[in-house]
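Colleague: Sequence isn't available, so here's the structure alone:
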């Protein structure tokens, strides 16, 4: 398979995959190295294909259904799993995490978690990588972009985050 055919096949697999596909899995399926896949993804992006790299693999960026909200949160790193479970348990997709860095400005980490299974995979990856969450850069303060099916799902999330002490609010 030549490089152009391989990139078309990568795009086709991403389009048909309901969740993220890792570079390692694509490499295994297509009989090339992981680095070749990373390069192919870069070329697909350069040609206009909207591919997002999440902690669990590549996805084609799709328009998400529902209402979009930004939720300000603050908590310790070991509370991350509970925070994300609150959001997905209420039927919402957690698109990303955003922090404000003093040197780089806004840093956004794509998450795309929608189920407890997604959350567990993400948390496991964090633990195995021994990497610190982005929110550690800002004393635990961060934003999440979430897609909720309706305003009541958003209200439930806000109430649960408030009860857990995770919601970052003006206390004045």
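Modeller: Sure thing, it's come through. What you see is a predicted model, and the numbers here were worked out from it, not measured in a lab.
Colleague: can we go C-alpha only for contacts and neighbour counts from here?
Modeller: Fine.
Colleague: pLDDT at residue 63, what is it?
Modeller: On pLDDT, residue 63 comes in at 61.
Colleague: Over to the one 5 residues further on?
Modeller: Residue 68 is assigned a pLDDT of 92 by the prediction.
Colleague: for residue 125, same thing?
Modeller: Note on residue 125: pLDDT of 89.
Colleague: Name the helix or strand for it, please.
Modeller: Taking DSSP states H and E as the definition, residue 125 sits inside helix 116-129.
Colleague: quick one: least confident helix or strand in the chain?
Modeller: Using mean pLDDT, DSSP states H and E, the weakest-scoring helix or strand in the chain turns out to be strand 51-54, at a mean of 85.
Colleague: buried sites along the helix holding residue 125?
Modeller: For helix 116-129, burial by neighbour count (16 or more other CA atoms under 10 Å) applies to 116, 118-119, 122-123.
Colleague: How about residue 49, nearest residue that isn't a chain neighbour?
Modeller: The spatially closest residue to residue 49, leaving aside those adjacent along the chain, is residue 60, at 7.8 Å (CA to CA, 6 or more residues apart in numbering).
Colleague: just to revisit the earlier point, what lies in contact with the least confident helix or strand of the chain?
Modeller: 20, 41, 44-45, 58-61, 109-112 (CA atoms under 8 Å, 6 or more residues apart in numbering).
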